[in-house]
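Quick one: sequence plus predicted model below, questions after.
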Amino acid sequence: MAAQQLPLAKALNESLRQALETDPKVLIMGEDVGKLGGVFRITDGLQKDFGEDRVIDTPLAESGIIGTAIGLALRGYRPVAEIQFDGFVFPAYDQIVTQLAKMHARSLGKVKLPVVVRIPYGGGIGAVEHHSESPEALFAHVAGLKVVSPSNASDAYWMLQQAIQSDDPVIFFEPKRRYWDKGEVDTEAIPGPLHSARVVRTGSDLTLAAYGPMVKVCTQAAATAAEEGRFIEVLDLRSLSPIDFDAVQASVEKTGRLVLVHEAPVFYGSGAEIAARITERCFYHLEAPVLRVGGFHAPYPPARLEEEYLPGLDRVLDAVDRSLGY
């Protein structure tokens, strides 16, 4: 397949198809991933083409899904487990934290757990709680897990390929509000490292760092700021564990200012760790305090209120103004 424009959701579908074709040990499992093709149709057509033994419809039991995936990984398979919505992952949290994240270290490196856990996350689709949350910090805090989130179709395709090929367990957060955003996907391109950040837009006055669904918002904010003569650098973090602190540091040493943006609540969010590390690393380069923009420290609101809850263009530009005001 040559380079073509694909929605992010279709890029994930093509990535899973490629993984199934390339490696007979790759399996897909989850609720409604087979005949239905997933609630977002990410696995559409895969069971028909690869059979029920490789694309497996599971019971509504997230702990059982992950427990079974761990057992399959121990026997040499590479399971890709889908959690239907972000808020449904918590019945499996015990399995993920106490088993999946620890078996490699517990076995002194003798056991590998090549399990990918796909989780659609974030708001913006008019859904309710348990369908719109951003729990990524809960997983990034757990040693032994890799945590990543693509922001565009090309990264969705390649990062999922790299996650499946990894011998470490990877929590793969998919920004569901971006599923239908199109972008160019070149399946013959050589991707960069899975856990490297990427500069999306260069600038000299301030760094906006984000991941997943908020990269698009930050790019729009930078374009708006450019109309006023402010040149904002946008950094797509891509990985939350590990974090490419070197890339963030290099950008901040150039711009002197950093604003971190994510949908998850600011309180104990991933931006807090980045803010602390960059303050330690770049203290004498900073022209202003590191600022954070995110959701509020409250349960996710009803759909009619979510646009007030989610960080949007106005809140990002307000933080930009405050930072440049120092």
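Structure's in. What do you need?

Is Glu233 bridged to anything, and to what?
With DSSP bridges as the criterion, Glu233 is bridged to Thr207.

Verify the stated contact: it with Thr202.
Yes - at 5.7 Å, Glu233 and Thr202 qualify as touching, with contact defined as C-beta atoms under 8 Å. Heads up, the C-betas are built off the backbone N, CA and C, glycines and all.

Looking only at neighbour counts, state which of these two leads.
Neighbours per residue (other C-beta atoms under 10 Å) separate Glu233 from Thr202, with Glu233 holding more: 23 against 13.

what sits against the more buried one?
Contact partners of Glu233, counting by C-beta atoms under 8 Å, 6 or more residues apart in numbering, are 199, 201-204, 206-208, 222, 251, 254-255.

out of those residues, which are inside strands?
When DSSP state E defines the strands, the subset of the contacts of Glu233 inside them is 199, 201, 206-208.

Put the buried members of the residues you listed into a ChimeraX selection.
Here is the ChimeraX command that selects the buried residues among these (16 or more other C-beta atoms under 10 Å):
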select :201,206,207,208
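
what's the farthest-apart pair in the contacts of Glu233?
Greatest spacing in those, by C-beta to C-beta: Ala222 and Lys254 (14.6 Å).

what residues does stretch 16-33 touch?
Applying C-beta under 8 Å, 6+ apart, the contact partners of stretch 16-33 are 38-39, 42-43, 46-47, 49-50, 54-60, 65, 68-69, 72, 76-84, 118, 160-161, 164, 187.

And that stretch, end to end?
Criterion C-alpha to C-alpha, to the nearest Å; first-to-last residue distance in stretch 16-33 is 12 Å.

repeat for stretch 283-298
31 Å.

List the buried residues in it.
Buried, per 16+ other C-beta under 10 Å, within stretch 283-298: 286, 290-295.

Check stretch 61-79 too.
By 16+ other C-beta under 10 Å, the buried positions in stretch 61-79 come out as 62, 65-70, 72-73, 77-79.

So which of the residues you listed is the closest to Ile125?
Glu62 (20.5 Å).

Thought Phe88 was touching the closest one, still the case?
Yes - look at Glu62 against Phe88 with C-beta under 8 Å: they come within range, at 5.8 Å.

out of the ones in strands among the contacts of Glu233, who's nearest Gly183?
Arg201 (15.0 Å).

residues in contact with that closest one?
Arg201 makes contacts with 219, 222, 232-234, as judged by C-beta under 8 Å, 6+ apart.

one step back: Ala222 and Lys254: which is more packed in?
A side-by-side neighbour count of Ala222 and Lys254, using other C-beta under 10 Å, places Ala222 first with 24 against 14.

for the chain, what spans make up the strands?
4-7, 26-30, 55-57, 78-82, 116-121, 146-148, 170-175, 182-185, 198-201, 206-210, 232-236, 239-241, 258-265, 291-295.
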